[in-house]
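> here's a sequence, model it:
(one chain, ligands or ions: 2)
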Amino acid sequence: MKTEQTDVLLQDSPEVEAKDIVVEIANLTKSFGALEVLRDFSLTLYKGENLVVLGKSGSGKSVLIKCIVGLLRADAGIIKVFDRDVTALTAREMDEVRQNIGFLFQSGALYDSMTVKQNLEFPLRRIREHLKQKEIDAKIKEVLENVGLLDALNKMPAQLSGGMRKRISLARTIVVDPKIILYDEPTTGLDPVTSDEISLLINDVQKKYKASSIIITHDIECARMTANRLIMLQDGKSYKEGTLAQFEKSTDSTIKLFFK
Ligand SMILES: Nc1ncnc2c1ncn2[C@@H]1O[C@H](COP(=O)(O)OP(=O)(O)OP(=O)(O)O)[C@@H](O)[C@H]1O
Ligand SMILES: [Mg+2]
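Numbering: from 1, shown residues only. Ligands and ions are numbered 1, 2, ... in the order given. Predicted coordinates for the structure are as follows:
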């Protein structure tokens, strides 16, 4: 099964190095009191791939990526990031792993009291301590150019539109060159045109930064534009897994609800 899928992947996308696994989740279980959100959830992220996790609102998508970065503790199961099981790491070890993971929050989460430049400088200074001011300035310029917003350098977040804030959040995520990027609903709340622009940027980031990404979404257009492979999260489980073509053709009633 896996071999078949990876063969398809290699044909579909030259970026994906299907033999290298960067994230492996097995039998992940997470409850809040009596509410069981994830139950035996499993997933494999290959190097260079855009893996879309689809699921309806409240299905546990945000809980899933919070477990990957250690913002939430899993109740059971294994979450391996670059071969290290994050469920067994100390806070300090987790910090090391996190330095290679970029997280685009569902809410964007820019610092409102800082300019765009300061928002981008902040993670760079914290995570890439060795960089000189000149290198920091060059890096900030590069990522702002990549998201098409170089002229926003000295603006405050309040002066930006929703779509611009998403772009700046994306710039802040990629400024530290993360090897893995987790996108939580990157297009939510945006108009269709701006959503498409963000989806295209996600593909640019895949190519330019050779990042491996998990894109959590219920936006089917975003999934169509970005996915090398998809997983449907349903009832806490990895309900179905496949390529876009396989999902589009699927006769499964749950998948058809998304792919009308
Ligand atoms: N810290 C928490 N404490 C208690 N319950 C929580 C917590 N975080 C999430 N939940 C519950 O877990 C379930 C899944 O939430 P989650 O935010 O992962 O959904 P989602 O799939 O990301 O939804 P959306 O598409 O709306 O963002 C929800 O029922 C939510 O109420
Ligand atoms: Mg969510």
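> when you work out contacts or count neighbours from here on, use the C-alpha atoms and nothing else.
Will do.
> now the phi/psi pair for whichever residue of the stretch 101-250 of the chain sits closest to ligand 1, please.
Closest residue of the stretch 101-250 of the chain to ligand 1, Cα to the nearest ligand atom: His218 (6.4 Å). Main-chain torsions, His218, degrees, to the nearest 10: phi -120, psi 10.
> surely it is in contact with Gly58?
No - the criterion here is Cα atoms under 8 Å, and His218 misses it with Gly58 at 10.5 Å.
> the more surrounded of the two?
Using other Cα atoms under 10 Å, the more surrounded residue of His218 and Gly58 is His218, with 22 against 10.
> how would you label the nearest residue to Pro157 once chain neighbours are set aside: helix, strand or coil?
Using Cα to Cα, 6 or more residues apart in numbering and skipping residues adjacent in sequence, the residue nearest Pro157 is Asp112, 5.6 Å away. Of the three states, Asp112 takes coil under DSSP: H, G, I helix; E, B strand; the rest coil.
> counting neighbours, what do you get for Asp112?
Counted with other Cα under 10 Å, Asp112 comes out at 11.
> and the strand or helix carrying Glu221, anywhere near ligand 1?
Element membership for Glu221, per DSSP states H and E: helix 220-226. No - judged by Cα under 6 Å from any ligand atom, helix 220-226 makes no contact with ligand 1; its nearest approach is 12.4 Å.
> with stretch 71-82 instead?
No - judged by Cα under 6 Å from any ligand atom, stretch 71-82 and ligand 1 are separated, with a smallest distance of 7.8 Å.
> output that stretch as CSV, nothing but the C-alphas.
Presented in CSV, the C-alpha positions along stretch 71-82 are these (Å, rounded to 0.1, in the frame of the first residue of the first chain):
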residue,chain,number,x,y,z
LEU,A,71,1.8,22.3,23.2
LEU,A,72,-0.5,19.4,24.2
ARG,A,73,0.6,16.2,25.8
ALA,A,74,-0.6,13.0,24.0
ASP,A,75,-2.3,10.5,26.3
ALA,A,76,-0.9,7.5,24.3
GLY,A,77,0.9,6.8,21.1
ILE,A,78,4.1,7.8,19.4
ILE,A,79,5.0,11.0,17.7
LYS,A,80,8.4,10.9,16.0
VAL,A,81,9.9,14.1,14.6
PHE,A,82,13.2,13.3,12.9
